[in-house]
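J.: Fold the stuff below for me.
(one chain, ligands or ions: 1)
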Amino acid sequence: MSKIRIHEYAKENGVSSKEVMEFLQNKGIEVNSHMKSLEDEEITVLNKKFKKNPAKPEAGKEKKPGQGRSQGQKSSNTSGNNQNQGQNKGPNSKGPQNKGQGQNRGPQNKRNQKNRRHKPGQKGLKRNQNQKPAPKKEVELPREFKYQEGITVGELAEKIGVDASKIVKDLFMVGVMTNINQSLDNDSVELIASDHGFTAELEVVVDNTDLENYFELGDDLDEERPSVVTIMGHVDHGKTTLLDSIRHTKVTAGEAGGITQHIGAYQIENKGKKITFLDTPGHAAFTTMRSRGAQVTDITILVVAADDGVMPQTIEAINHAKAAEVPIIVAVNKVDKPTANPDRVMTELGEHGLYPEDWGGDTIFVQLSALSGDGIENLLEMITLVGEVEELKTKSDMPAIGTVIEAELDKSRGPAASLLVQHGTLRVGDSIVVGNTFGKVRAMVDDTGSRIQEAGPSTPVEITGLNDVPLAGDRFVVFTDDKKARSIGEARSEQQVVKDREQTQKVSIDNLFEQMKEGEMKDLNLIIKGDVQGSVEALSASLMKIDVEGINVRIIHTGVGAINESDVTLASASSAIIIGFNVRPDVNAKKAADREKVDLRLHSIIYKVIEEIESAMKGMLDPEYEEKVIGNVEVRQTFKVSKVGTIAGAYVTDGKITRDSSVRVIREGIVIYEGELDTLKRFKDDAKEVAAGYECGITIKKFNDLKEGDQIEPYIMVEIER
Ligand SMILES: Nc1nc2c(ncn2[C@@H]2O[C@H](COP(=O)(O)OP(=O)(O)OP(=O)(O)O)[C@@H](O)[C@H]2O)c(=O)[nH]1
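T.: Okay, here's the model as predicted:
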């Protein structure tokens, strides 16, 4: 314990922990975390590189802070150190430093997904033209053209000045049947074009009404930005106290006495570094945003009361953070209490894959008292550290983009939206599209209630000036052109109307196979709630064993107790199915599941669950039935018998009638009643079935109006093969 840790070393020597880690990794030293204690030899190695005022400066030069940085970064691209990091961890340990592999987060990851405009052949053709000018023609058509995905034969014909019927014929000759209105695949388009001496260039149309497109930023994010932090944990473990306490200890002198404004988030400054906290504690804010596709949280603080330990919502929070691949810092709270037992918290969290560094893991644990403030400094320092490792980058010199934290209709000011500016700078007067609303930023206040003119990356602000109230989790984008903002805003609100009409399709057992077939899913996400821990575990274990090729069962959350709203939000955000084992959803969960179209499956027998999931995965859904008429019966006489009702003396003219048939009563060609058979008799005895050519006595459940001449049509439901 007395040894120096990486982050301490880094701090002492004025470099970042990341640089130190990378340097060690390049030297072949395994490093899991910036919490790692350094061995003497490692310190010697490091000192050669980083020690302030070294005895023997490297390459005879005095080292400037900037030099270390650029070297460290350069090496990170070539050394493959990410692999090193990844190997040391299980899937549960989402420590900050094993990021960078496969995480779909932050604009940097999205680059390269689009922009595939370059087409081969384009240059070649130009060169040909230079070398050998095309022979003179009456009308010179451009030899290159652009087309959009889904171009039809007719449209292509027009572009290359050829008869559509010629293209249809040519395609027919190679065995492709088309007509003039048929869309062509890109290969065919390019082939036909080149046959006629053209080069076709696919034009990728970016939907400018899709705000997500504006979040695909290029490589030029080169400024650091503050971390955005969400605090989660079990009820009463101290989330609110911690948020208040951080806020109050860090109010800068200028703000002291100011009225703090609740705008859903606030920003503090700790040792020159800013940190933004989303101040709606719990997972509500976190998951509503995520279920709307927006992820704004960079770091999760998991608050666990040391006198209470890991509780159901603690586990929920862990699962929420893991599902979103957000690093967790554990705040072991209430250590001031005599009954506090921080070690127990650590042991319990270990069962959920969070181990402190001293125990071989990579999760940062900070012991604190939100009430007294002890340990909060340390927590803030850890946040800065993780933020540093996460390399949170931005660019302030661009029109702002970001996400709605919360929004409401204010009686006097109209729609008011709290926004988190994620990149760029938001200014009063900006034309903005927010979700399906739009407007001009009329007034802007920060979290201290002060009016401000502009706000940079990771800053929470509240704005007015929108035409309507957006939703939490909506994206916003500023446009330099007023008209564009308005037209995009209007288009989006129209699209929303259409979307509302269509049912959003979430995963349900019934469409599971279809979705899997279409390759939309590789993981089947499940949430399991049960009456006792034992059954939840047994069920999880059995479900994990289901082996269907190409599909992976992923249990993203389990818990004991009724299915609650938070389960449903998580399911919705992660396209998961919820399985309730001997438990039911509570009222809110039920409502939420209806609203979000989340599939809830309630069971009380384990093998039934397994069967259902397995057969759904294999596409063997519950059998479908179809009706089969099995005969025809004619009513020849009726008898009214008190207490029994109307008995029909009938004759089976065709097929048969069985005791378990359903029946339709048909009078003059019209179905007048549909129901169940009550009794079927041959003479005085109950009969199982009566065949054609025989007489029988019949009564029908809840129907006493049989008349002579009525036809009774017996039918059964039979399973149909898929
Ligand atoms: N002794 C002690 N009490 C604390 C500490 N932190 C919070 N508490 C107390 O624990 C209780 C619950 O704290 P909250 O901050 O309301 O807990 P929460 O997690 O926000 O609770 P919910 O909002 O209900 O989910 C309050 O009575 C706090 O005063 C602490 O560090 N030490």
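
J.: give the contact list for residue 644.
T.: For residue 644, the contacting residues are residue 699, by Cβ atoms under 8 Å, 6 or more residues apart in numbering. C-beta: built from backbone N, CA, C; applies to glycine.

J.: Distance of it relative to residue 536?
T.: Spatial separation of residue 644 from residue 536 under the definition Cβ to Cβ, to the nearest Å is 52 Å.

J.: ditto for residue 411
T.: Going from residue 411 to residue 536 by Cβ to Cβ gives 47 Å.

J.: before we move on, what about residue 496?
T.: The span separating residue 496 from residue 536 equals 39 Å under the rule Cβ to Cβ.

J.: just residue 471 next, same as before
T.: Residue 471 sits 33 Å away from residue 536, taking Cβ to Cβ as the criterion.

J.: and if you look at residue 209?
T.: In this structure, residue 209 lies at 44 Å from residue 536, with Cβ to Cβ as the measure.

J.: Give me the below-cutoff pLDDT ranges for the stretch 601-722 of the chain.
T.: Per-residue confidence of the stretch 601-722 of the chain (counting by pLDDT under 70) places the weak regions at 619-624, 720-722.

J.: mind listing the strands for it?
T.: 624-629, 631-641, 645-658, 662-667, 670-682, 685-686, 689-691, 695-700, 711-720 (DSSP state E, counting those that start in this stretch).

J.: if we compare those, which one ends up closest to the ligand?
T.: When these are compared by Cβ to the nearest ligand atom, strand 624-629 sits nearest the ligand, at 46.5 Å.

J.: Regarding the closest residue to residue 565 other than its chain neighbours, what is its secondary structure?
T.: For residue 565, the nearest residue in space outside its immediate sequence neighbours is residue 588; the separation is 4.4 Å by Cβ to Cβ, 6 or more residues apart in numbering. Three-state assignment for residue 588 (DSSP: H, G, I helix; E, B strand; the rest coil): helix.

J.: Now that residue 588 has come up, it's in contact with residue 567, right?
T.: No. With contacts counted by Cβ atoms under 8 Å, residue 588 stays clear of residue 567, the gap being 10.5 Å.

J.: which one of those two has more residues nearby?
T.: When neighbours are counted by other Cβ atoms under 10 Å, residue 588 and residue 567 differ, and residue 567 comes out ahead with 29 against 13.

J.: and the helix or strand encompassing that one, what does it pack onto?
T.: Residue 567 is located in helix 565-574, with elements delineated by DSSP states H and E. With contacts defined as 3 or more Cβ pairs under 8 Å, 6 or more residues apart in numbering; DSSP states H and E, the packing partners of helix 565-574 are helix 283-291, helix 312-323, strand 523-530, strand 552-560, strand 576-581, helix 587-596.

J.: got the ones you listed as a markdown table, with distance to residue 337 and mean pLDDT columns?
T.: Converted to a markdown table, the helices and strands packed on helix 565-574 look like this (distance: least, Cβ to Cβ, whole Å; pLDDT from 0 to 100):
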| stretch | distance to residue 337 | mean pLDDT |
| --- | --- | --- |
| helix 283-291 | 25 | 65 |
| helix 312-323 | 17 | 86 |
| strand 523-530 | 31 | 87 |
| strand 552-560 | 26 | 84 |
| strand 576-581 | 35 | 91 |
| helix 587-596 | 32 | 88 |
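
J.: Figure out which of these is closest to the ligand.
T.: It's helix 312-323; of the helices and strands packed on helix 565-574, that one is closest to the ligand (Cβ to the nearest ligand atom) at 7.9 Å.

J.: Return the residues in contact with residue 677.
T.: By Cβ under 8 Å, 6+ apart, the contact list for residue 677 reads 657, 659, 660, 661, 662, 663, 698, 699, 700, 701, 714.

J.: Please name the bridge partners of the fifth one.
T.: Just to be clear, that refers to residue 662. According to DSSP bridges, the residues that bridge with residue 662 are residue 676, residue 715.

J.: ok, now how distant is it from residue 646?
T.: Following Cβ to Cβ, the distance that separates residue 662 from residue 646 is 18 Å.

J.: Local confidence estimate at residue 521?
T.: We note a pLDDT of 59 for residue 521 in this prediction.

J.: so which helix or strand takes in residue 406?
T.: Of the helices and strands defined by DSSP H and E, residue 406 is found in strand 401-410.

J.: for the helix or strand following that strand, packing partners?
T.: Using DSSP H and E, the helix or strand that follows strand 401-410 towards the C-terminus is strand 414-423. Here strand 414-423 touches strand 401-410, strand 459-466, going by 3+ Cβ pairs under 8 Å, 6+ apart.

J.: re earlier: what about residue 662 and residue 646, which has more around it?
T.: With neighbours defined as other Cβ under 10 Å, residue 662 and residue 646 compare such that residue 646 has more, 17 against 14.

J.: What does the closest residue to that one other than its chain neighbours show for phi and psi?
T.: Taking Cβ to Cβ, 6+ apart as the measure, residue 646 lies nearest to residue 704, with 4.5 Å between them; neighbours along the chain are not counted. Reported as degrees, to the nearest 10, the phi and psi values for residue 704 are phi -120, psi 10.

J.: Count residues in the vicinity of residue 704, would you?
T.: Other residues lying near residue 704 total 12 when counted by other Cβ under 10 Å.

J.: The one 3 residues further on now?
T.: Other residues within reach of residue 707, judged by other Cβ under 10 Å, total 12.

J.: Just the residues contacting the longest helix that the chain contains, thanks.
T.: Criterion DSSP state H: the longest helix present in the chain is helix 482-501. Surrounding helix 482-501, the residues in contact under the criterion Cβ under 8 Å, 6+ apart are 208-209, 211, 431-433, 435-440, 467-468, 478-479.

J.: The same query, at a cut-off of 6 Å, please.
T.: Contacts with helix 482-501, where a contact means Cβ atoms under 6 Å, 6 or more residues apart in numbering, come from 209, 431, 433, 436, 438, 479.

J.: Name the residues of that helix that come out as buried.
T.: Buried positions in helix 482-501, judged by neighbour count with 16 or more other Cβ atoms under 10 Å: 485, 486, 487, 488, 489, 491, 492, 493.

J.: now that helix, how far from the centre of its chain.
T.: Shown here is helix 482-501, whose average C-alpha point lies 23 Å from the average C-alpha point of the whole chain (Cα atoms, centre = their mean, to the nearest Å).

J.: Now do that helix against strand 459-466, angle only.
T.: Put simply, helix 482-501 runs at 90 degrees to strand 459-466, going by axes from the mean of the first three to the mean of the last three Cα atoms, to 10 degrees.

J.: Turn the contacts of residue 677 into a markdown table, columns for distance to the ligand.
T.: Shown next, in a markdown table, are the contacts of residue 677 (distance: Cβ to the nearest ligand atom, whole Å):
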| residue | distance to the ligand |
| --- | --- |
| 657 | 64 |
| 659 | 60 |
| 660 | 56 |
| 661 | 58 |
| 662 | 54 |
| 663 | 59 |
| 698 | 65 |
| 699 | 62 |
| 700 | 59 |
| 701 | 54 |
| 714 | 61 |
